[in-house]
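Asker: only the shape, not the letters, is given here:
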(Lines give C-alpha, C1' and ligand atoms only; values in the text may rest on other atoms or scores of the structure.)
Protein backbone atom coordinates (compact mmCIF):
# COMPACT_ATOMS: atom_id res chain seq x y z
CA UNK A 1 0.00 0.00 0.00
CA UNK A 2 1.36 3.39 -1.01
CA UNK A 3 0.03 6.50 0.72
CA UNK A 4 0.43 9.82 -1.08
CA UNK A 5 1.54 12.58 1.31
CA UNK A 6 2.26 16.28 1.27
CA UNK A 7 4.17 18.59 3.59
CA UNK A 8 2.83 22.00 4.55
CA UNK A 9 5.69 24.38 5.31
CA UNK A 10 8.21 22.11 3.65
CA UNK A 11 11.13 24.54 3.45
CA UNK A 12 11.51 25.22 7.19
CA UNK A 13 13.65 23.33 9.70
CA UNK A 14 10.94 20.82 10.68
CA UNK A 15 9.80 20.54 7.07
CA UNK A 16 13.34 19.51 6.13
CA UNK A 17 13.28 16.87 8.88
CA UNK A 18 10.09 15.52 7.31
CA UNK A 19 11.88 15.28 3.96
CA UNK A 20 14.72 13.34 5.60
CA UNK A 21 12.46 10.94 7.49
CA UNK A 22 10.21 10.24 4.51
CA UNK A 23 13.12 9.39 2.22
CA UNK A 24 12.77 5.66 1.54
CA UNK A 25 9.68 5.28 3.74
CA UNK A 26 7.96 1.92 3.10
CA UNK A 27 4.44 3.40 2.89
CA UNK A 28 4.52 7.17 2.37
CA UNK A 29 5.42 8.83 -0.92
CA UNK A 30 5.90 12.60 -1.15
CA UNK A 31 3.73 14.09 -3.89
CA UNK A 32 3.19 17.67 -2.69
CA UNK A 33 5.27 20.34 -0.98
CA UNK A 34 4.00 23.76 0.03
CA UNK A 35 5.60 26.92 1.39
CA UNK A 36 5.12 30.69 1.33
CA UNK A 37 4.14 32.66 -1.77
CA UNK A 38 7.78 33.66 -2.30
CA UNK A 39 8.76 29.99 -2.68
CA UNK A 40 5.76 28.86 -4.75
CA UNK A 41 6.58 27.94 -8.32
CA UNK A 42 10.22 27.11 -7.61
CA UNK A 43 11.74 23.66 -7.40
CA UNK A 44 12.17 22.47 -3.83
CA UNK A 45 15.93 22.60 -4.24
CA UNK A 46 15.75 26.25 -5.28
CA UNK A 47 13.19 27.22 -2.63
CA UNK A 48 14.70 25.52 0.41
CA UNK A 49 17.86 26.74 2.07
CA UNK A 50 18.80 23.17 2.88
CA UNK A 51 20.45 22.85 6.30
CA UNK A 52 19.99 19.17 7.05
CA UNK A 53 23.04 16.95 7.48
CA UNK A 54 22.15 14.73 4.50
CA UNK A 55 21.67 15.73 0.84
CA UNK A 56 18.23 16.62 -0.49
CA UNK A 57 16.71 13.35 -1.78
CA UNK A 58 16.88 13.30 -5.57
CA UNK A 59 13.20 12.48 -6.04
CA UNK A 60 12.24 15.53 -3.94
CA UNK A 61 14.70 18.13 -5.23
CA UNK A 62 12.79 18.83 -8.45
CA UNK A 63 9.25 18.83 -7.02
CA UNK A 64 7.61 22.19 -7.66
CA UNK A 65 6.66 23.95 -4.45
CA UNK A 66 3.03 25.06 -4.28
CA UNK A 67 1.23 27.67 -2.21
CA UNK A 68 -0.11 26.56 1.15
CA UNK A 69 -3.76 26.48 0.14
CA UNK A 70 -6.15 23.61 -0.67
CA UNK A 71 -6.59 24.86 -4.24
CA UNK A 72 -2.87 24.30 -4.84
CA UNK A 73 -2.80 20.70 -3.52
CA UNK A 74 -4.11 17.70 -5.45
CA UNK A 75 -7.23 15.92 -4.21
CA UNK A 76 -5.26 12.68 -4.59
CA UNK A 77 -3.12 13.44 -1.52
CA UNK A 78 -4.09 11.01 1.26
CA UNK A 79 -2.31 12.68 4.18
CA UNK A 80 -0.75 16.05 4.92
CA UNK A 81 2.02 16.69 7.43
CA UNK A 82 1.98 20.23 8.81
CA UNK A 83 5.10 21.99 10.06
CA UNK A 84 3.67 25.49 9.79
CA UNK A 85 4.23 28.19 12.43
CA UNK A 86 1.27 28.06 14.79
CA UNK A 87 -0.02 31.50 13.79
CA UNK A 88 -0.15 30.45 10.15
CA UNK A 89 -1.42 26.96 10.93
CA UNK A 90 -4.39 28.27 12.92
CA UNK A 91 -5.61 30.02 9.78
CA UNK A 92 -4.55 27.52 7.11
CA UNK A 93 -5.16 24.07 8.63
CA UNK A 94 -8.96 24.53 8.96
CA UNK A 95 -9.16 25.28 5.22
CA UNK A 96 -7.55 21.95 4.42
CA UNK A 97 -9.75 20.13 6.93
CA UNK A 98 -12.90 21.66 5.48
CA UNK A 99 -11.68 20.52 2.07
CA UNK A 100 -11.53 16.93 3.37
CA UNK A 101 -7.80 16.44 3.98
CA UNK A 102 -6.39 14.44 6.88
CA UNK A 103 -3.66 16.48 8.62
CA UNK A 104 -1.03 15.21 11.05
CA UNK A 105 0.31 18.42 12.51
CA UNK A 106 3.35 19.39 14.54
CA UNK A 107 2.05 22.96 14.96
CA UNK A 108 1.06 24.00 18.48
CA UNK A 109 -2.37 25.50 17.73
CA UNK A 110 -5.40 23.45 18.83
CA UNK A 111 -3.37 20.90 20.80
CA UNK A 112 -5.60 21.41 23.82
CA UNK A 113 -8.87 21.62 21.88
CA UNK A 114 -11.35 19.17 23.40
CA UNK A 115 -12.07 17.41 20.10
CA UNK A 116 -8.52 17.22 18.69
CA UNK A 117 -6.46 14.08 19.39
CA UNK A 118 -3.11 14.95 20.97
CA UNK A 119 -1.29 11.70 20.46
CA UNK A 120 1.90 9.77 21.13
CA UNK A 121 1.18 6.40 19.46
CA UNK A 122 2.81 4.30 22.19
CA UNK A 123 0.92 6.17 24.93
CA UNK A 124 -2.65 6.97 23.88
CA UNK A 125 -3.58 5.55 20.45
CA UNK A 126 -7.22 5.24 21.54
CA UNK A 127 -7.51 9.03 21.57
CA UNK A 128 -7.70 8.88 17.77
CA UNK A 129 -11.38 8.11 18.20
CA UNK A 130 -11.82 11.80 19.05
CA UNK A 131 -11.77 12.28 15.27
CA UNK A 132 -15.42 11.21 15.13
CA UNK A 133 -16.30 13.78 17.80
CA UNK A 134 -14.27 16.37 15.91
CA UNK A 135 -16.09 15.70 12.63
CA UNK A 136 -19.48 15.89 14.33
CA UNK A 137 -18.57 19.13 16.11
CA UNK A 138 -16.98 20.92 13.19
CA UNK A 139 -18.89 19.56 10.22
CA UNK A 140 -15.86 18.73 8.09
CA UNK A 141 -14.80 15.52 6.37
CA UNK A 142 -11.12 15.95 7.15
CA UNK A 143 -9.35 15.05 10.36
CA UNK A 144 -6.79 16.88 12.50
CA UNK A 145 -4.36 15.10 14.80
CA UNK A 146 -1.62 16.81 16.78
CA UNK A 147 1.61 15.69 18.39
CA UNK A 148 2.68 17.44 21.59
CA UNK A 149 5.52 19.85 22.22
CA UNK A 150 9.06 18.46 21.95
CA UNK A 151 9.73 18.87 25.68
CA UNK A 152 6.44 17.16 26.55
CA UNK A 153 7.25 14.20 24.29
CA UNK A 154 10.54 13.70 26.14
CA UNK A 155 8.87 13.36 29.54
CA UNK A 156 5.42 11.85 29.01
CA UNK A 157 6.47 8.32 27.95
CA UNK A 158 8.34 8.03 31.25
CA UNK A 159 5.34 9.33 33.19
CA UNK A 160 3.06 6.86 31.39
CA UNK A 161 5.30 3.96 32.33
CA UNK A 162 5.45 4.98 35.98
CA UNK A 163 1.76 5.82 36.13
CA UNK A 164 0.83 2.37 34.81
CA UNK A 165 2.89 0.70 37.50
CA UNK A 166 2.70 2.98 40.52
CA UNK A 167 0.25 5.86 39.98
CA UNK A 168 1.55 9.38 39.43
CA UNK A 169 0.18 12.12 41.69
CA UNK A 170 2.57 14.96 40.83
CA UNK A 171 5.45 15.65 38.45
CA UNK A 172 7.95 18.52 38.61
CA UNK A 173 10.35 18.97 35.71
CA UNK A 174 13.28 21.24 34.86
CA UNK A 175 14.32 21.18 31.21
CA UNK A 176 17.65 21.88 29.50
CA UNK A 177 16.51 22.42 25.92
CA UNK A 178 18.57 22.51 22.74
CA UNK A 179 18.69 25.59 20.52
CA UNK A 180 17.21 23.72 17.53
CA UNK A 181 13.90 23.71 19.37
CA UNK A 182 13.63 27.43 18.63
CA UNK A 183 14.18 27.01 14.89
CA UNK A 184 17.23 27.96 12.86
CA UNK A 185 17.06 31.66 13.66
CA UNK A 186 15.19 31.42 16.97
CA UNK A 187 18.13 32.06 19.31
CA UNK A 188 21.12 34.14 18.21
CA UNK A 189 24.66 33.01 18.93
CA UNK A 190 25.25 36.13 21.04
CA UNK A 191 22.35 35.13 23.28
CA UNK A 192 23.20 31.49 23.87
CA UNK A 193 27.01 30.99 23.69
CA UNK A 194 28.46 30.91 27.23
CA UNK A 195 24.96 31.27 28.57
CA UNK A 196 21.70 29.65 29.62
CA UNK A 197 18.29 31.27 29.25
CA UNK A 198 15.84 30.40 32.06
CA UNK A 199 12.71 31.17 30.07
CA UNK A 200 11.12 29.79 26.89
CA UNK A 201 7.89 31.57 26.07
CA UNK A 202 4.81 29.38 26.47
CA UNK A 203 6.83 26.21 26.97
CA UNK A 204 6.03 25.65 30.62
CA UNK A 205 2.29 25.89 30.08
CA UNK A 206 2.52 23.43 27.17
CA UNK A 207 4.27 20.85 29.32
CA UNK A 208 1.87 21.31 32.22
CA UNK A 209 -1.32 21.01 30.16
CA UNK A 210 -0.35 18.68 27.30
CA UNK A 211 1.00 16.05 29.72
CA UNK A 212 -2.34 15.78 31.49
CA UNK A 213 -4.22 15.49 28.20
CA UNK A 214 -1.91 12.77 26.87
CA UNK A 215 -2.33 10.75 30.08
CA UNK A 216 -6.07 11.41 30.26
CA UNK A 217 -8.99 9.04 29.61
CA UNK A 218 -11.32 9.10 26.60
CA UNK A 219 -14.72 7.50 27.22
CA UNK A 220 -15.95 7.62 23.62
CA UNK A 221 -17.61 11.00 23.98
CA UNK A 222 -15.20 13.26 25.84
CA UNK A 223 -11.67 13.27 27.18
CA UNK A 224 -10.87 13.92 30.84
CA UNK A 225 -7.43 15.18 31.85
CA UNK A 226 -5.24 13.14 34.19
CA UNK A 227 -5.56 14.49 37.72
CA UNK A 228 -1.81 14.65 38.43
CA UNK A 229 -0.31 18.08 39.06
CA UNK A 230 2.47 18.95 36.61
CA UNK A 231 4.91 21.86 37.09
CA UNK A 232 7.63 22.83 34.64
CA UNK A 233 10.64 25.14 34.50
CA UNK A 234 12.02 25.41 30.96
CA UNK A 235 15.54 26.54 30.08
CA UNK A 236 17.46 26.99 26.82
CA UNK A 237 21.09 25.82 26.80
CA UNK A 238 23.79 25.81 24.07
CA UNK A 239 23.38 22.24 22.83
CA UNK A 240 22.37 21.75 19.20
CA UNK A 241 19.87 18.88 19.49
CA UNK A 242 18.45 16.85 22.35
CA UNK A 243 16.31 17.99 25.27
CA UNK A 244 17.54 16.81 28.67
CA UNK A 245 15.03 16.95 31.53
CA UNK A 246 15.24 16.38 35.28
CA UNK A 247 11.98 14.94 36.60
CA UNK A 248 10.70 14.52 40.16
CA UNK A 249 7.55 12.40 40.59
CA UNK A 250 5.32 11.78 43.59
CA UNK A 251 3.77 8.31 43.37
CA UNK A 252 0.82 6.57 44.98
CA UNK A 253 2.96 3.47 45.53
CA UNK A 254 6.52 3.29 46.80
CA UNK A 255 8.65 1.42 44.25
CA UNK A 256 12.36 0.85 44.60
CA UNK A 257 14.59 2.43 41.95
CA UNK A 258 15.16 -1.05 40.54
CA UNK A 259 11.41 -1.63 40.19
CA UNK A 260 11.01 1.77 38.55
CA UNK A 261 13.81 1.05 36.08
CA UNK A 262 12.14 -2.23 35.18
CA UNK A 263 8.77 -0.51 34.64
CA UNK A 264 10.37 2.10 32.41
CA UNK A 265 12.44 -0.28 30.31
CA UNK A 266 9.66 -2.86 29.88
CA UNK A 267 7.01 -0.31 28.86
CA UNK A 268 5.71 -1.55 25.49
CA UNK A 269 6.36 0.18 22.21
CA UNK A 270 4.26 -0.02 19.07
CA UNK A 271 4.69 -1.78 15.74
CA UNK A 272 4.95 1.12 13.31
CA UNK A 273 7.64 1.64 10.64
CA UNK A 274 9.30 4.62 12.35
CA UNK A 275 8.86 3.49 15.96
CA UNK A 276 11.94 2.45 17.97
CA UNK A 277 12.38 -1.21 18.86
CA UNK A 278 12.48 -0.18 22.51
CA UNK A 279 10.69 3.01 23.50
CA UNK A 280 12.60 3.76 26.74
CA UNK A 281 16.25 2.87 27.28
CA UNK A 282 17.36 2.98 30.92
CA UNK A 283 20.92 3.48 32.18
CA UNK A 284 21.84 1.69 35.40
CA UNK A 285 23.57 2.90 38.55
CA UNK A 286 26.94 2.25 36.92
CA UNK A 287 26.35 5.12 34.46
CA UNK A 288 25.00 8.00 36.60
CA UNK A 289 26.30 10.56 34.07
CA UNK A 290 23.93 9.40 31.32
CA UNK A 291 21.91 10.27 29.32
CA UNK A 292 23.73 13.11 27.57
CA UNK A 293 22.50 15.02 24.51
CA UNK A 294 25.56 14.53 22.32
CA UNK A 295 25.97 10.85 23.17
CA UNK A 296 22.39 9.63 23.41
CA UNK A 297 20.05 11.77 21.28
CA UNK A 298 20.36 9.56 18.19
CA UNK A 299 19.44 6.28 19.86
CA UNK A 300 17.20 4.21 17.58
CA UNK A 301 17.41 6.78 14.79
CA UNK A 302 16.56 9.55 17.23
CA UNK A 303 13.18 8.03 18.12
CA UNK A 304 13.88 6.50 21.55
CA UNK A 305 13.72 8.04 25.02
CA UNK A 306 16.74 7.63 27.30
CA UNK A 307 16.51 7.64 31.10
CA UNK A 308 19.16 7.64 33.81
CA UNK A 309 19.83 8.61 37.41
CA UNK A 310 16.73 6.88 38.78
CA UNK A 311 16.76 7.29 42.55
CA UNK A 312 14.45 7.71 45.53
CA UNK A 313 13.07 10.91 47.04
CA UNK A 314 10.97 11.18 50.23
CA UNK A 315 7.74 11.09 48.18
CA UNK A 316 8.70 9.20 45.04
CA UNK A 317 11.48 9.22 42.47
CA UNK A 318 13.78 11.48 40.52
CA UNK A 319 15.46 10.77 37.18
CA UNK A 320 16.77 12.38 34.01
CA UNK A 321 15.31 11.78 30.56
CA UNK A 322 16.40 12.75 27.06
CA UNK A 323 15.01 12.72 23.52
CA UNK A 324 16.00 14.18 20.17
CA UNK A 325 13.75 17.21 19.94
CA UNK A 326 13.46 17.58 16.14
CA UNK A 327 13.25 13.85 15.43
CA UNK A 328 11.24 12.23 18.23
CA UNK A 329 9.98 15.61 19.38
CA UNK A 330 8.75 17.13 16.12
CA UNK A 331 8.81 15.68 12.59
CA UNK A 332 9.25 12.11 13.81
CA UNK A 333 6.32 12.45 16.20
CA UNK A 334 4.04 13.71 13.44
CA UNK A 335 5.27 10.95 11.13
CA UNK A 336 4.44 8.31 13.76
CA UNK A 337 0.97 9.79 14.11
CA UNK A 338 0.55 9.53 10.34
CA UNK A 339 1.59 5.88 10.47
CA UNK A 340 -0.92 5.32 13.29
CA UNK A 341 -3.68 6.88 11.19
CA UNK A 342 -2.92 4.38 8.43
CA UNK A 343 -2.63 1.45 10.85
CA UNK A 344 -5.97 2.27 12.49
CA UNK A 345 -7.80 2.68 9.18
CA UNK A 346 -8.37 6.43 9.21
CA UNK A 347 -6.61 6.67 5.83
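Answerer: Ah, there it is. The structure presented is a predicted model; accordingly, all values stated were derived computationally and were not measured. Residues are numbered from 1 along each chain as shown.
Asker: go through the one helix or strand residue 337 maps to and flag the buried ones.
Answerer: Assigned by DSSP states H and E, residue 337 belongs to helix 332-343. Across helix 332-343, burial judged by 16 or more other C-beta atoms under 10 Å covers 332-343. The C-beta positions use only the backbone N, C-alpha and C, and glycine is treated the same way.
Asker: look up how far residue 80 lies from the closest residue to residue 68 other than its chain neighbours.
Answerer: Sequence neighbours aside, residue 34 is the residue nearest to residue 68 in space, at 4.2 Å (criterion: C-beta to C-beta, 6 or more residues apart in numbering). Residue 34 is 9 Å from residue 80, where distance means C-beta to C-beta, to the nearest Å.
Asker: list the residues that contact both of these two?
Answerer: 6-8, 73 (C-beta atoms under 8 Å, 6 or more residues apart in numbering).
Asker: closest to residue 178 out of those?
Answerer: Comparing the shared contacts of residue 34 and residue 80 against residue 178 with C-beta to C-beta places residue 7 closest, at 22.5 Å.
Asker: what are the bridge partners for the closest one, then?
Answerer: residue 33, residue 81 (DSSP bridges).
Asker: now the helices for the stretch 101-250 of the chain?
Answerer: With helices called from DSSP state H, counting those that start in this stretch, the stretch 101-250 of the chain shows them at 130-138, 150-166, 189-192, 203-214.
Asker: among the ones you listed, which is nearest residue 222?
Answerer: helix 130-138 (7.5 Å).
Asker: relative to helix 332-343, how tilted is the closest one?
Answerer: For helix 130-138 against helix 332-343, the angle by axes from the mean of the first three to the mean of the last three C-alpha atoms, to 10 degrees is 90 degrees.
Asker: what's next to the helix holding residue 337, contact-wise?
Answerer: 1, 3, 5, 17-18, 21-22, 27-28, 79, 81-83, 102, 104-106, 119-121, 125, 128, 143, 145-148, 150, 153, 270, 272-275, 302-303, 324, 326, 347.
Asker: hmm, residue 69 is touching residue 88, no?
Answerer: No - Residue 69 is beyond contact range of residue 88, at 11.4 Å (criterion: C-beta atoms under 8 Å).
Asker: weed out the non-buried ones from the contacts of helix 332-343.
Answerer: The buried subset of the contacts of helix 332-343 - by 16+ other C-beta under 10 Å - is 3, 5, 17-18, 21-22, 27-28, 79, 81-83, 102, 104-106, 119-121, 125, 128, 143, 145-148, 150, 153, 270, 272, 274-275, 302-303, 324, 326, 347.
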